[in-house]
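Asks: generate a structure from the sequence data that follows.
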Amino acid sequence: MAKKAAGNSKFMAPVQPSEALAEIVGSKPIPRTEVTKKLWVYIKKNKLQDPSNKRMINSDEKLKPIFGKKAQVSMFEMTKLVGKHLS
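Replies: Predicted coordinates for the structure are as follows:
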């Protein structure tokens, strides 16, 4: 029987997405890990990964408010910016 990993409870605790983020991931509280998964599904579905540099994400109208109106952000910057839209 597998034991649950200790210390991951903060990542698994449901968080409330902001109104802007809810347009992509839904408005119900979900764990941060699910927020990230849903964001990546959206990014890949809409082909928003920069083809020449896969670490860069291009904004569309739904992502601009989350990305601080930037046209493009790195994967690492995206994580930081998305965190500001979770409570």
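Asks: helix or strand for E34, which one?
Replies: helix 32-45 (DSSP states H and E).
Asks: now S74: phi and psi?
Replies: phi -80, psi 160 (degrees, to the nearest 10).
Asks: low-scoring stretches of this protein, by residue?
Replies: Per-residue confidence for the chain (pLDDT under 70) gives these ranges: 1-8.
Asks: and the helices in it?
Replies: For the chain, applying DSSP state H gives helices covering 9-12, 19-25, 32-45, 75-83.
Asks: which elements pack onto the longest one?
Replies: I take that to be helix 32-45. Applying 3 or more Cβ pairs under 8 Å, 6 or more residues apart in numbering; DSSP states H and E, one finds that helix 32-45 makes contact with helix 9-12, helix 19-25, helix 75-83. (C-beta placed from N, C-alpha, C; glycine too.)
Asks: can you list the helices of the chain in JSON lines and add mean neighbour count and distance to I57?
Replies: Below are the helices of the chain laid out as JSON lines (neighbours: other Cβ atoms under 10 Å; distance: least, Cβ to Cβ, whole Å):
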{"stretch": "helix 9-12", "mean neighbour count": "11", "distance to I57": "21"}
{"stretch": "helix 19-25", "mean neighbour count": "17", "distance to I57": "12"}
{"stretch": "helix 32-45", "mean neighbour count": "15", "distance to I57": "6"}
{"stretch": "helix 75-83", "mean neighbour count": "15", "distance to I57": "6"}
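Asks: about what we covered before: report the inter-axis angle for the helix holding E34 versus helix 75-83.
Replies: Orientation check (axes from the mean of the first three to the mean of the last three Cα atoms, to 10 degrees): helix 32-45 against helix 75-83 gives 120 degrees.
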